[in-house]
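Asks: need a structure here:
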Amino acid sequence: MNAIVVKYNNNGNVIWKKNLTTESWFNSVTTVADGFIAAGGKSGVIVQKYNNSGDAVWDKTICGNEFKSVTASSDGIVAVGYAGNGCFNNGDWAGIQGKGGHDAIMVKYAIAKIPVTNISNVPTTATEGIPLLLTGKVEPSYATNQTIVWSITDTGTTASSITGNIFNAAGAGAAVITATITDGIGTGEDYTQDFTITVLNFVPVSNITGVPTSLVSGSALTATVEPSDASRKSIVWSIKDAGTTGASITANVILNAVSGGDVVVTATIANGLAIGTHYTQDFTITVGTTRIDELGIMNYELRVYPNPTSGELRIEISDMRHEISDISIFDVYGRKLYTSPLPPSKRGGVPSLKERAEGEVIIDISHLPNGIYFLRVDGRTVKVIKN
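Replies: As a prediction, this is how the structure comes out:
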């Protein structure tokens, strides 16, 4: 009878399998940082360590019948089982008197600390005046000690400092920092590694472009920060003057305009000019109040397609009780641009749903410039894109 160890992936497929070539068996297994421990019996009790690839790292035997269970502790592993009276008061159990028959046994084994071999993924660049969060990936991932303490080894021309894990530099240049892991190699032996951080000059914002001059309530504000390598680029929008529109901004979306008109918005980039000096720029935007009922392809009984369109729009209504009485086109400012003459029905009137099976309403908007429009059909509004 051989002890076996089999590793499966989460789908139940075998990754690898191992067996001991001598009479043995395993009763329990527990994981440790760099592998796992199996315990059982083998001409005495046995504890064996495997790495994550299934290779045996070491094994320990002690007089006894078998270990029934093994578990990892903060500083080693503990195995429990039982042993016959003949094991005690000699050899492995010298000085320990048997209690008679079979005794329960508990053995604790120390596990060697896993040393740090490398620290990677440490940031290599910073900007003068902007705090940088220092982070690093300790390798191997199962190293026993992984807490990094950061310090400055050489500030160079950067006038840099570190508080906790935050790096600050007052000038451009190169700074050398040191990562230290206490007892990272072994007890009493720290792991240290140096890194060079290049500190770049602060690049102020000079302009914001690409902001729309007109949009509909409910639309998002967009913009481009210049220069493209500006050190700060995150824009916060606010209403400076809502005029008569009653508009507000939530995140970067203009909302709740109750009437059309001009709105003055302010774009603010915190610390955009220098640390402690924000960049601000105002824009005047004409806001329309046409309410959009974006139906997509189908909503209730109205269907409009193709959308986007280069000219022709087809309108279908599935409710056979309804008759189309009005079709109009509006621009984003709510101005009516077009009212379609409806084709006569076979009875000389407006096409009704009773005749829907024989046709559909088709209108042509090819004469309109490319852009966003709103098609209103008997009070229902669909956003239409003309391209």
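
Asks: name the nearest residue to L313, sequence neighbours excluded.
Replies: I363 (5.2 Å; Cβ to Cβ, 6 or more residues apart in numbering). C-beta here means a position set from N, CA and C on the backbone, and glycine is covered the same way.

Asks: quick one, what contacts the one you found?
Replies: By Cβ atoms under 8 Å, 6 or more residues apart in numbering, I363 lies in contact with E312, L313, I315, I327, S340.

Asks: quick check, the third one in contact with I362.
Replies: Yes - the criterion here is Cβ atoms under 8 Å, and I315 meets it with I362 at 7.5 Å.

Asks: more crowded one of these two?
Replies: More crowded of I315 and I362, by other Cβ atoms under 10 Å: I315, with 20 against 11.

Asks: beta-bridge partners for the more buried one, please?
Replies: V304, V361 (DSSP bridges).

Asks: if I look at it, what pLDDT would I see?
Replies: Per-residue pLDDT puts I315 at 81.

Asks: cool, the one 3 residues further on as well?
Replies: Note on S318: pLDDT of 63.

Asks: and for I4?
Replies: 85.

Asks: nearest residue to it in space, please, no chain neighbours.
Replies: N19 (4.6 Å).

Asks: quick check: end-to-end length of stretch 213-230?
Replies: 24 Å (Cα to Cα, to the nearest Å).

Asks: quick one: N2 from I114, how far?
Replies: 29 Å (Cβ to Cβ, to the nearest Å).

Asks: now N19
Replies: For N19 relative to I114 (Cβ to Cβ), the value is 26 Å.

Asks: please apply the same query to K233.
Replies: 42 Å.

Asks: same deal with I269?
Replies: 46 Å.

Asks: try T198
Replies: On the measure of Cβ to Cβ, T198 and I114 end up 32 Å apart.

Asks: state the distance from the closest residue to E226 other than its chain neighbours to P227.
Replies: Nearest residue to E226, sequence neighbours excluded (Cβ to Cβ, 6+ apart): N207, at 4.3 Å. Distance of N207 to P227, computed by Cβ to Cβ: 8 Å.

Asks: A strand includes G86, no?
Replies: No - G86 is assigned helix when assessed by DSSP: H, G, I helix; E, B strand; the rest coil, not a strand.

Asks: what's the neighbour count on it?
Replies: G86, neighbours per other Cβ under 10 Å, totals 11.

Asks: any idea how far V205 is from it?
Replies: Taken as Cβ to Cβ, the span from G86 to V205 is 84 Å.

Asks: so the residue nearest to I4 sits in a strand?
Replies: Yes - N19 forms part of a strand when assessed by three-state DSSP.

Asks: so I285 is in which element?
Replies: Element membership for I285 (DSSP states H and E) is strand 277-288.

Asks: which strands and helices sit next to that strand?
Replies: strand 214-216, strand 261-274 (3 or more Cβ pairs under 8 Å, 6 or more residues apart in numbering; DSSP states H and E).

Asks: mind listing what's buried in the one helix or strand I77 maps to?
Replies: Take DSSP H and E as the rule and I77 turns out to sit in strand 76-84. For strand 76-84, the neighbour count (16 or more other Cβ atoms under 10 Å) marks I77, V78, A79, V80, G81, Y82, A83 as buried.

Asks: tell me the mean pLDDT over the very next helix or strand once past that strand?
Replies: Toward the C-terminus, strand 76-84 is succeeded by strand 102-110 as the next helix or strand (DSSP H and E). For strand 102-110, the mean per-residue pLDDT is 89.

Asks: and if you look at stretch 47-62?
Replies: Stretch 47-62 comes out at a mean pLDDT of 85.

Asks: try stretch 182-190
Replies: Rounded mean pLDDT across stretch 182-190 is 93.

Asks: could you list the buried residues of it?
Replies: Quick answer for stretch 182-190 (16+ other Cβ under 10 Å): D183, G184, I185.

Asks: out of those, who's nearest Q281?
Replies: Closest approach to Q281 among the buried residues of stretch 182-190 (Cβ to Cβ): G184, at 49.8 Å.

Asks: for that closest one, give me its contacts.
Replies: Applying Cβ under 8 Å, 6+ apart, the residues near G184 are P115, V116, A143, N145, D190, Y191, T192.
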